[in-house]
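Peer 1: Quick one, what's the 3D model for this:
(2 chains)
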Amino acid sequence: DNQMTQSPSTLSASVGDRVTITCRATQSLSSWLAWYQHKPGKAPKLLIYKASSLESGVPSRFSGSASGTEFTLTISSLQTDDFATYYCQQCKSELCTFGQGTKLDIK
Amino acid sequence: QVQLQESGPGLVKPSETLSLTCAVSGYSINSGYSWGWIRQPPGKGLEWIGNFHHSGTTYYSPSLEFRVTISLDRSKNQFSLKLTSVTAADTAVYYCARSNGLGGYVYWGQGTLVTVSS
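Peer 2: Numbers count the residues shown, from 1 in each chain, chains lettered A, B, ... in the order given. Sure, this is the predicted structure:
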């Protein structure tokens, strides 16, 4: 199966900072990569799908990009509401795996 | 508005079968998309369990494929998860979700905690 290596595992940042989170796949995904925001006690929220498509209703400060088997989630200017855990997920040929998660906390 | 709601026992004994149901409202499960289950053990990350694809094919995580079954009940507009021979390692919050057809899960249930303990 296609394993996802997500980094960093934790990230401390301040409101207004630009942050990036990376996921690396072991095989080509053909852009079948999604990003989620997850807060305690709530369901994960889809942010980005197909590597760079912004889900409806998600603020434009979130963006996704891809280069080969490396995928990046960027938050251009952190807001208070953005402190959460972020996961990448690949679903190639209907078999999915999640990255290990990145906990984004306040510096 | 598409809504999903998990239900089932919150406590399961070791070696028994975990059974959960996801009731769907606001959308007919006969109309397409994939229906999946994801779990999160306490203090750990998200783990994909499997999907029921709209084609009728099921896909399971290789680490769980010999113990898991996902099925649809089209008459009740719901789908279910069965996980056999559970151990404490299966203790987790279990989520049901619907795909967007483009590799992401766009609609999720609120999650239900299942504890495996005698």
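
Peer 1: which parts of chain A sit against chain B?
Peer 2: With Cβ under 8 Å from any Cβ of the partner chain as the criterion, chain A meets chain B at residues A:1, A:31-34, A:36, A:38, A:42-44, A:46, A:48-50, A:53, A:55, A:85, A:87, A:89-91, A:94-101. Placement of C-beta: from N, CA and C, glycine included.

Peer 1: Return the set of buried residues in stretch B:102-111.
Peer 2: Neighbour counts over stretch B:102-111 (16 or more other Cβ atoms under 10 Å in any protein chain shown) mark B:Gly103, B:Gly104, B:Tyr105, B:Val106, B:Tyr107, B:Trp108, B:Gly109, B:Gly111 as buried.

Peer 1: List the residues that contact the third one.
Peer 2: When the contact criterion is Cβ atoms under 8 Å, 6 or more residues apart in numbering or on different chains, the partners of B:Tyr105 are A:Ala34, A:Tyr36, A:Pro44, A:Leu46, A:Gln89, B:Gly36, B:Ile38, B:Ala97, B:Arg98, B:Ser99.

Peer 1: One more pass at 7 Å, please.
Peer 2: Counting by Cβ atoms under 7 Å, 6 or more residues apart in numbering or on different chains, B:Tyr105 touches A:Leu46, B:Gly36, B:Ala97, B:Arg98, B:Ser99.

Peer 1: Equivalent analysis for the second one, please.
Peer 2: Neighbour list for B:Gly104: A:Ala34, A:Leu46, A:Tyr49 [criterion: Cβ under 7 Å, 6+ apart].

Peer 1: Strands - which of those land there?
Peer 2: Of the contacts of B:Gly104, the ones assigned to strands by DSSP state E are A:Ala34, A:Leu46, A:Tyr49.

Peer 1: Find me the pLDDT at the closest residue in space to the first one that isn't next to it in sequence, would you?
Peer 2: Counting by Cβ to Cβ, 6 or more residues apart in numbering or on different chains, A:Ala34 lies nearest to B:Gly104, which is 3.7 Å off, once chain neighbours are set aside. According to the prediction, B:Gly104 has pLDDT 95.

Peer 1: Bridged to the residue nearest the centre of chain A, which residues?
Peer 2: Centroid-nearest residue in chain A: A:Trp35, 3.7 Å away (criterion: Cα atoms, centre = their mean). Legend: beta-bridge partners of A:Trp35 under DSSP bridges are A:Ile48, A:Cys88.

Peer 1: Return the residues in contact with it.
Peer 2: A:Leu47, A:Ile48, A:Gly64, A:Leu73, A:Tyr86, A:Cys88.

Peer 1: With B:Pro14 instead?
Peer 2: So B:Pro14 contacts B:Val86, B:Thr87, B:Ala88, B:Val116, B:Ser118 (Cβ under 7 Å, 6+ apart).

Peer 1: contacting residues around B:Ser85?
Peer 2: By Cβ under 7 Å, 6+ apart, the neighbours of B:Ser85 are B:Ser15, B:Arg67.

Peer 1: still on that earlier bit, return the member of the contacts of B:Tyr105 nearest to A:Ser9.
Peer 2: Nearest to A:Ser9 among the contacts of B:Tyr105 is A:Leu46, at 21.5 Å by Cβ to Cβ.

Peer 1: Would you confirm that the closest one contacts A:Ala34?
Peer 2: Yes. Counting by Cβ atoms under 7 Å, A:Ala34 is a contact partner of A:Leu46 at 6.3 Å.
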